[in-house]
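Trainee: Task: produce atomic coordinates for the following.
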Amino acid sequence: MSLMPVQDALDAMLSQVSPLAGVEHLGLVAALGRVLAKDIRAEVTVPAFDNSAMDGYALRLVEAEPGKTLPLAGTALAGHAFEGRVPPDHCVRITTGAVLPAGLDTVVMQEQVEQAEPGIRLLHVPKLGDHVRKAGEDIAPGQLLLSRGQRLTAVDLGLLASIGLAEVAVQRRMKAAVFSTGDELIAPGQPLPAGHLYDSNRVVLSAMLKRLDCEVLDLGLLPDKPDSIRQAIQRAAEEADVLITSAGVSVGDADYTRQLLSELGDIGFWKVAMKPGKPFAFGSLGKCWFFGLPGNPVAAVATMDLLVQPVLRRLAGEPIASQQLLEAVAAEPMKKTPGRADFQRGFYQQLNGQLQVKPIGRQSSAVLSGAAKANCYIALEQERDQVAAGEAVRILPFSQMLR
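Mentor: The predicted structure follows:
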């Protein structure tokens with residue numbers, strides 16, 4: 001089987017999936033991190049009235065002269081507007097956020113006046129409209145505030161509250177099933193027999209899914225027994241939107257997962273031209289999408305991040321943005337063999353006015369310690385050879401999934 005370029009694999013998956021059906025209406029705080037289900041347009045004006053941006057004194061600019069004394073006509077407080085008409089050559093004491101009294105057009109800061117009977121003396125002549133927030137200068141009726149498909153941030157929720165919304169329509173939360181297989185694996189927290197390994201993949205994959213606000217269905221650590229694996233696959237197909245497994249999709253004596261997937265669904269088994277992460281599987285189990293990742297921990301993380309994440313985002317209703325690659329300079333040599341795109345784990349920083357990057361730790365697909373200290377992938381092209389110190393390379397900062 002020939003190696004499939006990374007972009008071809010990604011395009012093949014994205015061409016088959018579409019956003020999941022279903023909308024929920026949630027209170028604003030509960031909607032944090034969820035995907036917006038429809039455009040939000042303002043129905044109100046923000047601010048709703050001209051108001052002061054400072055504590056100071058509201059006046060008419062045409063009446064302002066250096067050294068002039070302006071008597072006080074009253075006080076305007078936030079939430080308590082000045083009522084009535086301001087007489088000529090008078091001012092109003094005003095606090096931040098208070099309604100600008102009718103007929104006044106400018107605010108002078110309190111630091112730019114001095115107290116004088118029967119009011120204030122101007123030490124500074126402001127400009128027209130100084131420190132006045134005009135009605136609608138933030139948000140106008142009909143203005144598009146947030147677009148369908150964007151993932152709601154804390155600031156987005158504050159924006160929705162500012163136009164009076166108490167709840168918002170979001171795409172329903174995706175349900176993702178995860179399990180690990182292997183007689184050699186032991187759950188963390190248990191004694192480790194000789195010749196065994198702790199199951200880290202299920203933990204890191206579940207955590208990455210949580211970063212995308214997925215509901216995780218943990219189907220556990222399964223022995224290499226066809227009946228156990230079959231039951232887990234069938235349950236995922238019935239209850240979940242996606243199933244993600246690690247190991248069992250390459251050719252091996254105990255890789256029952258591959259055989260059962262072929263029987264129970266429509267699955268393609270690929271060799272992707274990427275390092276780490278060559279063995280990969282994608283397809284469907286009825287209405288449940290399946291992603292089969294390599295068994296080595298770093299390979300599982302990299303394929304989950306680089307191949308699976310964009311597909312999950314499309315399923316969640318997000319638009320797919322192109323990867324934001326940055327140009328950097330290699331701080332040290334890097335080993336590379338042509339034939340596969342190599343996503344080495346690196347650490348980048350700004351040094352001497354330029355972005356520099358170096359590989360972190362051993363680049364083995366079984367070693368997580370280096371990935372834990374890295375902050376980016378060094379994305380070396382498929383046909384690229386060795387990299388010398390000082391050469392230009394491209395980097396891909398770690399996504400939210402890995403932070």
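Trainee: Pairing-wise in the sheet, spell out the partners of the closest residue to Asn201 other than its chain neighbours.
Mentor: Closest residue in space to Asn201, ignoring its immediate chain neighbours: Ser246 at 4.2 Å, by C-beta to C-beta, 6 or more residues apart in numbering. To be clear about C-beta, it is placed using only N, CA and C from the backbone, and glycine gets the same treatment. For Ser246, the beta-bridge partners are Ser180, Leu293 (DSSP bridges).
Trainee: Please report the distance of Ser246 from Leu205.
Mentor: Relative to Leu205, Ser246 is positioned 7 Å away (C-beta to C-beta, to the nearest Å).
Trainee: do the same with Lys358
Mentor: When Lys358 is compared with Leu205 (using C-beta to C-beta), they lie 27 Å apart.
Trainee: which one of these two has more residues nearby?
Mentor: Each of Lys358 and Leu205 has its neighbours counted (other C-beta atoms under 10 Å); Leu205 has more, 27 against 19.
Trainee: now the more buried one, what's its secondary structure?
Mentor: Recorded secondary structure, Leu205: helix (DSSP: H, G, I helix; E, B strand; the rest coil).
Trainee: correct me, but it touches Ile244?
Mentor: Yes - under the contact definition of C-beta atoms under 8 Å, Leu205 touches Ile244, with a separation of 5.9 Å.
Trainee: Could you tell me which residues touch both of these two?
Mentor: Contact criterion C-beta atoms under 8 Å, 6 or more residues apart in numbering; residues bridging Leu205 and Ile244 by contacting each: Val178, Leu293, Met304.
Trainee: Can you say which of those residues are buried?
Mentor: Buried by 16 or more other C-beta atoms under 10 Å: Val178, Leu293, Met304, out of the shared contacts of Leu205 and Ile244.
Trainee: and the least confident of these?
Mentor: Looking at those, model confidence by pLDDT dips furthest at Leu293: 93.
Trainee: residues in contact with Ala236?
Mentor: Applying C-beta under 8 Å, 6+ apart, the residues contacting Ala236 are Ala177, Phe179, Leu217, Leu219, Leu243, Leu285, Cys288.
Trainee: Adding distance to Gln349 and secondary structure, write these out as CSV.
Mentor: Supplementary listing: the contacts of Ala236 in CSV, determined by distance: C-beta to C-beta, whole Å; DSSP: H, G, I helix; E, B strand; the rest coil:
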residue, distance to Gln349, secondary structure
Ala177, 38, strand
Phe179, 38, strand
Leu217, 39, strand
Leu219, 40, strand
Leu243, 38, strand
Leu285, 44, strand
Cys288, 42, strand
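Trainee: Make TSV out of the residues you listed and add neighbour count and pLDDT.
Mentor: Below are the contacts of Ala236 laid out as TSV (neighbours: other C-beta atoms under 10 Å; pLDDT from 0 to 100):
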residue	neighbour count	pLDDT
Ala177	27	98
Phe179	26	93
Leu217	20	98
Leu219	22	96
Leu243	26	97
Leu285	21	96
Cys288	22	97
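Trainee: Out of these, the closest to Leu20 would be?
Mentor: Cys288 (11.0 Å; C-beta to C-beta).
Trainee: which non-adjacent residue is nearest that closest one?
Mentor: Nearest residue to Cys288 in three dimensions, chain neighbours excluded: Ala237, at 4.6 Å (C-beta to C-beta, 6+ apart).
Trainee: mind listing the helices in the stretch 301-403 of the chain by residue range?
Mentor: Taking DSSP state H, counting those that start in this stretch as the test, the helices found in the stretch 301-403 of the chain are 309-315, 368-373.
Trainee: Which one, of the ones you listed, ends up nearest to Arg133?
Mentor: When those are ranked by proximity to Arg133 (C-beta to C-beta), helix 309-315 comes first, at 37.3 Å.
Trainee: can I get the CA coordinates of the closest one in PDB?
Mentor: Output of helix 309-315 as PDB, limited to C-alpha atoms (Å, rounded to 0.1, in the frame of the first residue of the first chain):
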ATOM      1  CA  GLN A 309      -9.100  17.400  15.300                       C
ATOM      2  CA  PRO A 310     -10.100  19.200  12.000                       C
ATOM      3  CA  VAL A 311     -12.700  16.500  11.300                       C
ATOM      4  CA  LEU A 312     -14.100  16.700  14.800                       C
ATOM      5  CA  ARG A 313     -14.400  20.500  14.500                       C
ATOM      6  CA  ARG A 314     -16.300  20.100  11.300                       C
ATOM      7  CA  LEU A 315     -18.700  17.600  12.900                       C
END
